[in-house]
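Visitor: Just to be clear, the model below is a prediction. Sequence and coordinates:
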Amino acid sequence: MTRISNDTEFRKALDGLDPARQRHVAARFVENVLALCSDERIARVLRVAGNTEASEGELAEALKTAKATTFDCHTRCGSEGDWSEQAGYFVARAATAALTPIGQMPSGPAWQAALSSRMAQTSESIVSGDDIAGQEADQQYGILSEFLNP
Amino acid sequence: MSASLDRGLNAFKEQIDAPVAAFFSSCVRCGLCAEACLFYTETNDPVRTPIHKLEPLRRVWKQEYTFWGRLASALGMSKPVTDEELTNWETLVYDSCTLCGRCSMVCPVGNDIAYMIRKMREGMAVAGHAPPDLIGATKRAVTIGSPMGVKLPALQAQIRHAEKEIGFSIPVDVEGADYMLLLSSMEIMNFPEFISAIARIFKHANVSWTISSEAFEATNSGIQIGVSEIAAELVERIVTAAGKLKVKSVISPECGHAYMAIRWEGPNLIGRPYDFKVVHILELLDELREQGRLKTTGMETQRLTYHDPCQVSRRGGVVQQPRNLLNMVAENFVEMPETGTMNWCCGAGGGVSSNERADDLRLKAFNRKKKQFDAIHPDAIVSACSNCRIHLEDGLEEYDMDIPVLSLTETIAEHLAGSEQPGSKE
């Protein structure tokens, strides 16, 4: 198979995955930006998301933790925003998407996890001033290509 | 008397206009407003009765503008408002009121209590009795242009991200566009997907629009803290940008108080009518629906309900439009027991969400909202205010309720017919 090189192919490939495989690849997208989140709960949550043996109870608990982390990391209305911390918020949001049952996220958990991961990188680029946000999409194409062709 | 108290009391006097005087003189002290206020119903604390929150302002009105009050003052028989009292009232006026206006709806003599609280905040702010967090937000709004410190490069980065996602460019500073879109800092920071959702819908409906690089912020901290001069300055920035770009209309985004500020208070604040129209994004989407320019595909099968943001529905009049839009995409829409103009507030409007010391009280008051959800057990909640959205999520988590909260605009964008879906184009 040729390597995925754009969002059309990317989304089509994600849509073709069953819910469990969507979750597994979504976890890899989030791992790729995990360094942008200082909250240790997300690393633990991702271990569950990426685990092929995880039980429904473990997944539900991990989702709850991811949601709680997302809320803890958001910038409250009217407070001074810090884009580095905001990157962590988007990583937490990506982890939440990865663990959300597909029925609750019609656009697809993996696609949403990919988008939020890109938003995390965008937030980081606002801090650094480097226009590196677009590179995240390319890395995700690579991650998905490898996932599909191990 | 301290200089700040003196200035504050003078500000109170200036704020007592004909409606305020009429409202105070017609109050029959029935207490109905208490049962309409979530800060009272969820605490049972009588000091949180809406009309009681206005007591210092009422005393100034009585002492300064009524015959018997002036006589009593002249004879030394009335109690002047003190700095200590205003300190005590600060939490009632700012932490225990979201300016939601539900109290105004039930007043049997038609007193607009929310209007009076808004007026009272003017005096409180001048007297130095505004919450520190709101002061900080207001300073940033004036100096940076955003209460959350969002600068143009950050917006530009979010726009680039959205363009990459949707595969086409987002118009910025396009002179002669029909519509100029405002954004709240909450959307730019926490919900940037709103930008791509709007862009996809507008491309689909062939809407001529732009964002101004000089005035993109929709929110108005001056309104929340109660400093009309600042509120007017923030409105003027939008008016100037709209004039420069020669747009026909300005769009208020999914933010409750921003709509109140720019649509209803703005012209009065700057003392002249606008040269453009102001529409809430839901009003525009519903117009597009009516014109047959907004086509959707597929239906949400889950049980959806709609949380009316107070400043959009009750104070703003945008009640039917969101329901028309939801009918396009939700086959299992269910109303809460009290809804539309009588909906219960999320507890975080009017600057309460910016005020960290009010968190415990806000979450306690959220119990009122929880009761509405408990009555219908929705699978998901849709709303049209990013502040409501994040605080609904906070409240739901506090009360251990697992219900997703969605943006109505983003939900519509997810159902667009045709090819305006992210990832569908290069």
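Guide: Thanks, I have it.
Visitor: what's around the residue in chain A positioned nearest to chain B, how many residues?
Guide: Nearest residue of chain A to chain B (Cβ to the nearest Cβ) works out as A:Gly78 at 2.8 Å. All C-beta spots, glycine's among them, are computed from the backbone N, C-alpha and C. For A:Gly78, the neighbour count with other Cβ atoms under 10 Å in any protein chain shown is 29.
Visitor: And the pLDDT for it?
Guide: At A:Gly78, the model reports a pLDDT of 90.
Visitor: Contact partners for the nearest residue to B:Arg102 once chain neighbours are set aside?
Guide: Nearest residue to B:Arg102 in three dimensions, chain neighbours excluded: B:Ala36, at 4.6 Å (Cβ to Cβ, 6 or more residues apart in numbering or on different chains). The neighbours of B:Ala36, taking Cβ atoms under 8 Å, 6 or more residues apart in numbering or on different chains as the test, are B:50, B:102-103, B:105-106.
Visitor: try it again with 10 Å
Guide: B:49-50, B:100-107, B:113, B:342, B:344 (Cβ atoms under 10 Å, 6 or more residues apart in numbering or on different chains).
Visitor: what does A:Ala87 give?
Guide: Going by Cβ under 10 Å, 6+ apart, A:Ala87 touches A:33, A:35-38, A:73, A:119-127.
Visitor: A:Ser123 too?
Guide: Counting by Cβ under 10 Å, 6+ apart, A:Ser123 makes contact with A:33, A:36, A:81-91, A:133, B:154, B:157-158, B:161, B:189, B:192.
Visitor: hmm, 8 Å instead?
Guide: A:Ser123 makes contact with A:36, A:83-84, A:86-87, A:89-90, according to Cβ under 8 Å, 6+ apart.
Visitor: Same check on B:Ile117?
Guide: B:50, B:53-54, B:93, B:97, B:99.
Visitor: Please tell me how far the residue of the stretch 101-250 of chain B found nearest chain A sits from B:Val329.
Guide: Closest approach between the stretch 101-250 of chain B and chain A, counting by Cβ to the nearest Cβ: B:Ala137, at 3.7 Å. Going from B:Ala137 to B:Val329 by Cβ to Cβ, to the nearest Å gives 34 Å.
Visitor: Go through the helix or strand containing A:Ser145 and flag the buried ones.
Guide: Using DSSP states H and E, A:Ser145 sits within helix A:133-148. Neighbour-count burial for helix A:133-148, counted by 16 or more other Cβ atoms under 10 Å in any protein chain shown, picks out A:133, A:136-137, A:140-141, A:143-145, A:147-148.
Visitor: Which PyMOL command selects the buried ones in the contacts of A:Ala87?
Guide: Of the contacts of A:Ala87, the buried ones can be selected in PyMOL as follows, counting by 16+ other Cβ under 10 Å:
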select buried, chain A and resi 33+36+37+73+119+120+121+122+123+124+125+126+127
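Visitor: and the contacts of A:Ala87, which of them are in helices?
Guide: Among these, the members falling in helices (DSSP state H) are A:73, A:119-127.
Visitor: now for these, which pair is the farthest apart?
Guide: Across these, the longest distance by Cβ to Cβ is 18.1 Å; it joins A:Cys73 and A:Ser125.
Visitor: how big is the angle separating whichever strand or helix holds B:Leu155 from helix A:133-148?
Guide: Take DSSP H and E as the rule and B:Leu155 turns out to sit in helix B:152-166. Calculated by axes from the mean of the first three to the mean of the last three Cα atoms, to 10 degrees, helix B:152-166 forms an angle of 30 degrees with helix A:133-148.
Visitor: can you give me the strands for the stretch 301-426 of chain B?
Guide: Ranges of strands in the stretch 301-426 of chain B, per DSSP state E, counting those that start in this stretch, are B:304-306, B:380-383, B:405-407.
Visitor: so how far is the last one from its chain's centroid?
Guide: Mean-position distance between strand B:405-407 and its chain equals 17 Å (Cα atoms, centre = their mean, to the nearest Å).
Visitor: now do stretch B:246-255
Guide: Relative to its chain's centre, stretch B:246-255 lies at 15 Å (Cα atoms, centre = their mean).
Visitor: before we move on, what about stretch B:381-390?
Guide: Remark: stretch B:381-390 is offset 11 Å from the chain centroid, using Cα atoms, centre = their mean.
Visitor: so, in contact with chain A or not, that stretch?
Guide: Yes - interface with chain A: stretch B:381-390 contributes B:386-387, B:390 (Cβ under 8 Å from any Cβ of the partner chain).
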